[in-house]
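**Student:** Have a look at this prediction, sequence included:
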Amino acid sequence: MGTGLVILGLSVFTIFLLKYLRRSREAVAATMDKIHIEKLMAEMIMETAPNAILTIDLERRITSWNRACTTITGYNEEDVLGRECGLISEDFCPGHVDPIHHEKTADLDGIHCNIKCKDGSSKVVSKSTAVIRDQKGEITGGIMSFNDVTERMRLEEQSNQFHQLLESTLIEIYVFDKKSLVIQQANKGACDNLGYTQDELGNLTPLDLMLGMTVETFAEIIEPLQTGEQTKIVFNSIQCRKDGSHYPVEIHLQVSGSELSLFTAITIDITRRQASEKQLLENQERLKVVIEATNLGVGTGTS
């Protein structure tokens, strides 16, 4: 009877063990399936991501390379896998991924650098990098994402150059609100010529700067712009400085702003032009007098 109990006990244990093993296998299979699905999803996300994404190992060899990387650099996955990322640029790899000197492990974000493309051209990219760690916290590689900012940098450079040009010119440039007429912005030339600071001009309207200009007169001048009948108008006025002095100006006014809610005024000091025009008229009058006197003398001599 004792033997029967032992056999029974072994049978029960065996059945339990088999069920446990089956459940374990199912759990392992489910885990593996989950890992496989997650891996596929990660690969899909990486491949379809709008950003260029690559990974490297501790030897700085490229281990993955998505489609956006190819779009930006021209290199296919087959061209780069297993090769050092210095292939693209010496300063391109996440240099903080170092298996020995772990003090260089800080992530980087938004760093600009130059890359070499397959066709020999160069581009400017904005890159972000991070280290990859295993479950023990050990560094196993690095991951990087980057975007092509070449065109953006070129436009920003042009914009900066244009801004510097506007700031350095003696021509006065104002931007003011289409409804309230309050000045929103003025260049350095305007501030220097008028003697006002940006903050002081921000409390004024063009009417405060134009001698004798009334609200009614200014409304008539800008009406073609308000109605859309014209895109630009030119008129003359007298500009007043903070110290009370004034000078003649020619004002080029047009609608601006993304919603056409602003006016941009380019104001040119025409003091010298008017002086030259006055001098020219005086010279013409003198010449006219000389010609008339000469003709008179010729006529007297003939008679």
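**Tutor:** Yep, it's here.

**Student:** quick one: low-confidence parts of the stretch 151-300 of the chain?
**Tutor:** Scanning the stretch 151-300 of the chain for pLDDT under 70 picks out 162-163, 165-170, 258, 295-300.

**Student:** again, only using 80
**Tutor:** For the stretch 151-300 of the chain, the stretches flagged by pLDDT under 80 are 158-170, 257-260, 273-278, 280-300.

**Student:** What segments of the stretch 151-300 of the chain are strands?
**Tutor:** Taking DSSP state E, counting those that start in this stretch as the test, the strands found in the stretch 151-300 of the chain are 172-177, 183-186, 232-240, 246-256, 262-269.

**Student:** got those strands as JSON lines, with mean neighbour count and distance to residue 161 columns?
**Tutor:** Placement of C-beta: from N, CA and C, glycine included. What follows is the strands of the stretch 151-300 of the chain, written out as JSON lines (neighbours: other C-beta atoms under 10 Å; distance: least, C-beta to C-beta, whole Å):
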{"stretch": "strand 172-177", "mean neighbour count": "19", "distance to residue 161": "16"}
{"stretch": "strand 183-186", "mean neighbour count": "20", "distance to residue 161": "18"}
{"stretch": "strand 232-240", "mean neighbour count": "15", "distance to residue 161": "24"}
{"stretch": "strand 246-256", "mean neighbour count": "17", "distance to residue 161": "20"}
{"stretch": "strand 262-269", "mean neighbour count": "19", "distance to residue 161": "18"}
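
**Student:** among the ones you listed, which is nearest residue 287?
**Tutor:** The closest of those to residue 287 is strand 246-256. By C-beta to C-beta, the value is 25.7 Å.

**Student:** so what strands line up beside that closest one?
**Tutor:** Strand pairing for strand 246-256, determined by DSSP bridges: strand 232-240 (antiparallel), strand 262-269 (antiparallel).

**Student:** Name the surrounding residues that touch the last one.
**Tutor:** Judged by C-beta atoms under 8 Å, 6 or more residues apart in numbering, the contacts made with strand 262-269 from elsewhere in the structure are 170-178, 181, 184, 190, 193, 206, 222, 225, 239, 247-256.

**Student:** Return the residues in contact with residue 240.
**Tutor:** The contact partners of residue 240, by C-beta under 8 Å, 6+ apart, come to 194, 208-211, 246.

**Student:** Buried ones from the residues you listed, can you make that a ChimeraX selection?
**Tutor:** Buried members of the contacts of residue 240, defined by 16 or more other C-beta atoms under 10 Å, are picked up in ChimeraX with:
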select :194,209,210
